[in-house]
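Chemist: fold the following, please.
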Amino acid sequence: MSARLPKLLDAGERARVDAAVATYAGQGVPERPGRSAWSRSTRCYATLDIAEVAGNAKRPVEPVAAIYFDLANRLGVPWLREKIAALPGDQHWQMLAKSRHAG
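Modeler: Got it, this is the predicted structure:
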């Protein structure tokens, strides 16, 4: 499912991905590894929830993912993730807590 994740994102989330990839590219990371790193490090955690809901509901993954990302955007989850990521905290447990919620 993580391979299909970029195609399941809505336009706003896709724009955030493209901006992150552009930032990586500006730092010398080629696009493909940059996009792959983004996928693994940020939104792949959602695939577990999406797969579980799709399995429990006996529904295809794509519509469940579409609803998941639509609801997240309506609730302002991307904005909240950005705010959590910006919180200070450079010690191990603080960074771990931030990554769990900002991912």
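
Chemist: can you show me the helices along the chain?
Modeler: Applying DSSP state H to the chain gives helices spanning 5-8, 11-26, 31-38, 44-57, 61-74, 77-86, 92-102.

Chemist: need those in CSV with mean neighbour count and mean pLDDT, can you?
Modeler: C-betas here are computed from N, CA, C, even on glycine. Shown next, in CSV, are those (neighbours: other Cβ atoms under 10 Å; pLDDT from 0 to 100):
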stretch, mean neighbour count, mean pLDDT
helix 5-8, 16, 71
helix 11-26, 14, 78
helix 31-38, 15, 65
helix 44-57, 14, 86
helix 61-74, 16, 87
helix 77-86, 13, 78
helix 92-102, 12, 63
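
Chemist: would you enumerate the residues in contact with Ala66?
Modeler: Neighbouring residues of Ala66 by Cβ atoms under 8 Å, 6 or more residues apart in numbering: Leu8, Asp10.

Chemist: and it, how far is that from Asp90?
Modeler: 37 Å (Cβ to Cβ, to the nearest Å).
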